[in-house]
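Participant: Give the three-dimensional model of this entry:
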Amino acid sequence: MATFNDIEEVFHRLDWSILQNGWISLYWKKSILAKDIEWFEKENYNIVEFDCKSWTDIAEMHGQLQQKLNFPDHYGKNFDALNDCLSDIEINGTGQIVVFNHLDSIDIKTIHILLDVFADNSRKHILFGERLIVLAQVDSPDFKIDPVGATKVSWNKQEWLDSKRR
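Facilitator: Residues are numbered from 1 along each chain as shown. Next up is the predicted model:
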């Protein structure tokens, strides 16, 4: 499947607006995230959600990633294994949405590595017409992170201005 076409209405799609700037979109307001998830559901995206508050340690995080993303039993439960499994993940329907709720409840170094691995694999999948998009909900309206996948992580279009998160 072609990733997108050049019909005017495509440029108003949510998936287009996220992917034109990267593969990850930040959310603070859960109501905006819920509305966007609803849009992705209507567009036949497969959606997998994680509550990062339940990640008591790295092993728990990798265990949930393995279970919910259907990684094989031999998944190594480390970031190299995550990278390998994400590169082989089967993306059905219109695409795959991965939602990380309360992402800023884990340490920033882990967040950066996690998002970097997802961004890198999203870029690889898009080359084959497969959409892998991450929606990252954070509890702090001042959350900032260095670029991942050599791309800046941006706020969603409704909360892009700092004044919209106040």
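Participant: so what's the residue most central in space within the chain up against?
Facilitator: In the chain, the centroid-proximal residue (CA atoms, centre = their mean) is residue 134; its distance is 0.9 Å. Contacts here follow CB atoms under 8 Å, 6 or more residues apart in numbering; on that basis residue 134 touches 23, 24, 25, 97, 98, 99, 100, 115, 118, 119, 122. Glycine gets a C-beta too; all of them are placed from N, C-alpha and C.
Participant: Check those residues for burial and list the buried ones.
Facilitator: Neighbour-count burial (16 or more other CB atoms under 10 Å) applied to the contacts of residue 134 gives 23, 24, 25, 97, 98, 99, 100, 115, 118, 119, 122.
Participant: Give me the pLDDT value at residue 11.
Facilitator: The per-residue pLDDT reported for residue 11 equals 70.
Participant: Run a quick neighbour tally on it.
Facilitator: Residue 11 has 11 neighbours, counted by other CB atoms under 10 Å.
Participant: And residue 112, by the same measure?
Facilitator: 15.
Participant: for residue 131, same thing?
Facilitator: 23.
Participant: How about residue 36?
Facilitator: So residue 36, with other CB under 10 Å, has 22 neighbours.
Participant: cool, residue 160 as well?
Facilitator: There are 13 residues near residue 160, going by other CB under 10 Å.
Participant: Next up, the contacts around it.
Facilitator: Contacts of residue 160 (CB under 8 Å, 6+ apart): residue 154.
Participant: mind checking the SS state of it?
Facilitator: Secondary structure state of residue 160, per DSSP: H, G, I helix; E, B strand; the rest coil, is coil.
Participant: Would you mind measuring from it to residue 79?
Facilitator: According to CB to CB, to the nearest Å, residue 160 stands 29 Å off from residue 79.
Participant: And residue 59, by the same measure?
Facilitator: Counting by CB to CB - residue 59 and residue 79 are separated by 13 Å.
Participant: cool, and residue 123?
Facilitator: 17 Å.
Participant: do residue 90 as well
Facilitator: Applying CB to CB to residue 90 and residue 79 gives a distance of 21 Å.
Participant: Compare the two and say which is more crowded by neighbours.
Facilitator: A direct count of neighbours by other CB under 10 Å for residue 90 and residue 79 places residue 79 higher, at 15 against 8.
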